[in-house]
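J.: Let me see the structure of the following:
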Amino acid sequence: MQNSQGEYTLLLYDLKGNIKVSFTLPSGWQQTRLEVSDLPPGVYLLKVMQNNRCIGVEKVVVD
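T.: Next up, the predicted model:
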């Protein structure tokens with residue numbers, strides 16, 4: 001998900017709605033790694049925000 005109009009905020013939620021990981025990426029980013037080794041196994045939701053709008057949600061499985 002790339003767009004040159006502002007920063008991106010990535011939020012990783014557990015299925016109870018708790019934010020487990022949150023970080024900001026500068027505009028123009030193309031890829032990043034999400035460190036999940038500290039998280040317990042399970043299903044999480046990754047929400048990508050730009051300008052306070054959700055532009056994407058993906059399921060993340062940690063095993």
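J.: contacting residues for Ile19?
T.: 11-13 (Cβ atoms under 8 Å, 6 or more residues apart in numbering). Any C-beta I mention is one placed from the backbone N, CA and C, and that applies to glycine too.
J.: what sits opposite the residue nearest the centre of the chain in the beta ladder?
T.: When Cα atoms, centre = their mean is applied to the chain, the residue found nearest the centroid is Leu10 (3.1 Å). For Leu10, the beta-bridge partners under DSSP bridges are Phe23, Val48.
J.: which of the contacts of Ile19 lies closest to Arg53?
T.: Leu11 (12.8 Å; Cβ to Cβ).
J.: what's the burial count for the closest one?
T.: When neighbours are counted by other Cβ atoms under 10 Å, Leu11 registers 16.
J.: how far out from the middle of the chain is the least confident helix or strand in the chain by mean pLDDT?
T.: Ranked by mean pLDDT, DSSP states H and E, the weakest helix or strand in the chain is strand 19-25, scoring a mean of 93. Centroid separation for strand 19-25 versus its chain: 6 Å, with Cα atoms, centre = their mean, to the nearest Å.
J.: cool, and stretch 40-56?
T.: The mean C-alpha position of stretch 40-56 is separated from the chain mean by 4 Å, Cα atoms, centre = their mean.
J.: shouldn't Glu58 be in contact with Val43?
T.: No: Glu58 is beyond contact range of Val43, at 11.2 Å (criterion: Cβ atoms under 8 Å).
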